[in-house]
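Engineer: Quick one: sequence and predicted model below, then my questions.
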Amino acid sequence: MKNAVLSAVVLFAPMASFADPLPSWGNSDSKNRIVEFVEAVTDPSGSDYVTPAERIAVFDNDGTLWAEQPVYFQLTFAMDRLAELAEADPAILTTPTLEAAAKGDLQAVAEGGHDALIEVLNASHSGLSVEDFQASVADWLDTARHPDTDLPYDQMTYQPMVELLRYLRDEGFSTYIVSGGGLHFMRVFAEDAYGIPPEQVLGTYTATTYETGDGTPAIVKAPEIAFVDDKEGKPINIERTIGRRPILAGGNSDGDFAMLEWTTAGDGPRLGVLIHHTDAEREWAYDRESPIGKLVDGLDKGPDLGWVIVDMANDWNRIYTGSD
């Protein structure tokens, strides 16, 4: 009898280690509410059951799936690329903003506001085929390191969120990125980093042209923003591209408020999840006053709308996929 009991312990112990779908999440109300929601919508015998076709989950990227401080990673790429281009042809630095960006003067670029940001993005992102642009992004990700953590940027994805994405897909969800970041930029790393294929990445995109100048057809990025996938643009882009209202949406800033609001306003069971950056020790603590990832409406209105407000410092046992 003793041997039989020991055999049973050995047999079932490995299974127990796999029982928790979100091991990097602490045992908190946030985790419990997410798991309860997923279990409810996937139980065919329950009143809240949702068919797999309707199990759409959408997530912001910057500050939700990976870090975004001290500046959006795509802007760092843009400034690095501009400096590289200027070495070959200094004449491209036609304005003080571009000169500052090529020198890595982030403060000067930031002081220029939205117009300066667009100027830097246009100068560094346009005139290339999509394939060539994405190759340059891949090369940058292979070599660039974050100035504070010294981690590769694509290892500063949030391990708890990577687990959540995997858990949702295991339970029959389709997971999408819906971000203010550049569409072609994010498609380079989204599948390796998150398991999200390129066709399930929605983002801001430039105008493009179809060109055959050298005899090889190519889609070329033009120096013009065609669509900004932020704020009210997010639900508009979801409706246009996916064609279904999600039942779960995750974000971290007021740029995501409309997406979560629209998602949770639909009929049936729905869930909004906001990542609140409260961890100044392992990451950064910021919300209401931050120029990056500002969060006011979500904190003030989210709880009354039934959203889960994730306290990063208390709800997550681990932050980055690339750290211990």
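Structural biologist: Perfect, thanks for sending it.
Engineer: I'd like the secondary structure assignment at Lys83, please.
Structural biologist: No, residue 83 isn't Lys; it's Ala. helix (DSSP: H, G, I helix; E, B strand; the rest coil).
Engineer: That one - nearest residue in space that isn't next to it in sequence?
Structural biologist: In this structure, Ala83 finds its nearest non-sequential neighbour in Ala102, 4.6 Å apart by C-beta to C-beta, 6 or more residues apart in numbering. (Each C-beta comes from the backbone N, C-alpha and C, glycine too.)
Engineer: count of neighbours near the one you found?
Structural biologist: For Ala102, the neighbour count with other C-beta atoms under 10 Å is 23.
Engineer: So that it lines up with my notes, have the first residue be 22 from now on.
Structural biologist: With the count now opening at 22, the last piece we talked about shows up as Ala123.
Engineer: Quick one: residues contacting it.
Structural biologist: 100, 103-104, 107, 114 (C-beta atoms under 8 Å, 6 or more residues apart in numbering).
Engineer: And Ala137, by the same measure?
Structural biologist: Applying C-beta under 8 Å, 6+ apart to Ala137 gives the contacts 118, 130-131.
Engineer: SS state for Val241?
Structural biologist: strand.
Engineer: Likewise for the one 5 residues further on?
Structural biologist: Using three-state DSSP, the three-state assignment for Ile246 comes out as strand.
Engineer: Wait, it touches Thr225, no?
Structural biologist: Yes - at 6.7 Å, Ile246 counts as touching Thr225 under the criterion of C-beta atoms under 8 Å.
Engineer: the more surrounded of the two?
Structural biologist: Neighbour count, other C-beta under 10 Å: between Ile246 and Thr225, Thr225 has more, with 22 against 15.
Engineer: thinking again about what came up before, please determine how far the residue nearest to Ala104 is located from Asp110.
Structural biologist: Taking C-beta to C-beta, to the nearest Å as the measure, Ala123 falls 11 Å from Asp110.
Engineer: Next, the contact list for the closest residue to Asp308 other than its chain neighbours, please.
Structural biologist: Using C-beta to C-beta, 6+ apart and skipping the chain neighbours, the partner closest in space to Asp308 is Leu316 (4.2 Å). Contact analysis of Leu316 by C-beta under 8 Å, 6+ apart lists 273-275, 295, 297-298, 307-309.
Engineer: Good, wrapping up.
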